[in-house]
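Engineer: Predicted model and sequence follow; I will ask about them next.
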Amino acid sequence: MKLAILDRDGVINHDSDAFIKSPDEWVALPGSLEAIARLSRAGWRVVIASNQSGIARGLFSMETLNAIHAKLRKELAQAGGSIDAIFTCPHGPGDDCSCRKPRAGMLLDIGRRYDIDLQNVPAVGDSLRDLQAASEAGCAPWLVMTGNGQKTWDKGDLPAGTQVGESLAAIVDVWLQEA
């Protein structure tokens, strides 16, 4: 089974320092849904792993988060693709949970749920915490230059073995050429 783990904000959709708090604020990045659709057609399972501290901060409810994800799934289906599962951490930065990236708990949970060794499973993110969680879980970290990717690149100190792509579409091109 081919599995890809993607962060959501800044990778699949536009990000906001004020958080994505409603379905109307969720806007796909150019080419991202088509890239996921290409993975789906090639037999990959695509899973989202996303910190969603806006819930802990009281900015939106779980019901609203589910509505945002329903919009994502609907638009993705229209592009011919699907997301196999969405894993989220609803905790805030000070909650000391094991699932909030940069900790690897959410990714390790994905590995357990799919009964797969995460060694070299590609995981795409736009922030250092995404890459750190991927590396700690044994995944192959990929930095995407959309969202906060450029800022993350500029700060440097990326986990060993991190690969870089201009967009999710460019990264998927590489994966599908290697398959």
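Structural biologist: On my side now, so go ahead.
Engineer: Just confirm V164 is within a strand.
Structural biologist: Yes. With DSSP: H, G, I helix; E, B strand; the rest coil as the criterion, V164 is located in a strand.
Engineer: Can you give me the separation between it and M145?
Structural biologist: 7 Å (C-beta to C-beta, to the nearest Å). C-beta: built from backbone N, CA, C; applies to glycine.
Engineer: For H91, which non-adjacent residue is closest in space?
Structural biologist: C97 (4.3 Å; C-beta to C-beta, 6 or more residues apart in numbering).
Engineer: er, Q119 actually
Structural biologist: Q119 sits nearest to G138 (C-beta to C-beta, 6+ apart), 4.7 Å away.
Engineer: For S98, see how far away that neighbour is.
Structural biologist: G138 is 16 Å from S98, by C-beta to C-beta.
Engineer: Compare these two (neighbour count), which wins?
Structural biologist: Using other C-beta atoms under 10 Å as the criterion, G138 and S98 rank with G138 on top: 16 against 12.
Engineer: Now do the buried residues in the helix or strand containing L39.
Structural biologist: Element membership for L39, per DSSP states H and E: helix 32-41. Neighbour counts using 16 or more other C-beta atoms under 10 Å place S32, L33, E34, A35, I36, A37, R38, L39, S40 of helix 32-41 among the buried residues.
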